[in-house]
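Colleague: After the sequence you'll find the predicted model.
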Amino acid sequence: MASNLNIDMKLLDEVYQLGNFKTKKEAVNVALKEYIQKHRQKDMLKFLNKVDFDKDYDYKKSRNR
């Protein structure tokens, strides 16, 4: 999908150089993927210490039929 975007060239050039990307398109795609990943990880932090954990649970025992 082709798009026309007004991107800050200083930022794009910096990302392009820092990542040693072959194309600016690759730099933008990687930056977008990393942004999404960062926010998904941030959303997962709300579950930290919210899950009950039983250290004595034997998962192998529950597999026996």
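Modeller: That came through fine.

Colleague: burial measure for Ala27, as a count.
Modeller: Applying other CB atoms under 10 Å, we find 21 residues neighbouring Ala27. No exception for glycine: its C-beta is placed from N, CA and C like everyone else's.

Colleague: just Leu18 next, same as before
Modeller: Number of residues near Leu18 (other CB under 10 Å) recorded here: 10.

Colleague: Same question for Leu12.
Modeller: Other residues close to Leu12 by other CB under 10 Å number 15.

Colleague: What of the one 5 residues further on?
Modeller: By the other CB under 10 Å criterion, the neighbourhood of Gln17 contains 10 residues.

Colleague: ok, it - contacts?
Modeller: For Gln17, the contact set (CB atoms under 8 Å, 6 or more residues apart in numbering) is empty.

Colleague: Now do the longest helix seen in the chain: which elements does it pack against?
Modeller: Taking DSSP state H as the assignment, the helix of the chain that covers the most residues is helix 24-44. Here helix 24-44 touches helix 9-18, going by 3 or more CB pairs under 8 Å, 6 or more residues apart in numbering; DSSP states H and E.

Colleague: Could you verify my assumption that Ile7 touches Val28?
Modeller: Yes: between Ile7 and Val28 there is a contact at 7.4 Å, judged by CB atoms under 8 Å.

Colleague: what about those two, which has more around it?
Modeller: Val28 (16 against 10).

Colleague: Against Leu11, how distant is the more buried one?
Modeller: 10 Å (CB to CB, to the nearest Å).

Colleague: And for Ser3?
Modeller: Taking CB to CB, one finds Ser3 at 17 Å from Leu11.
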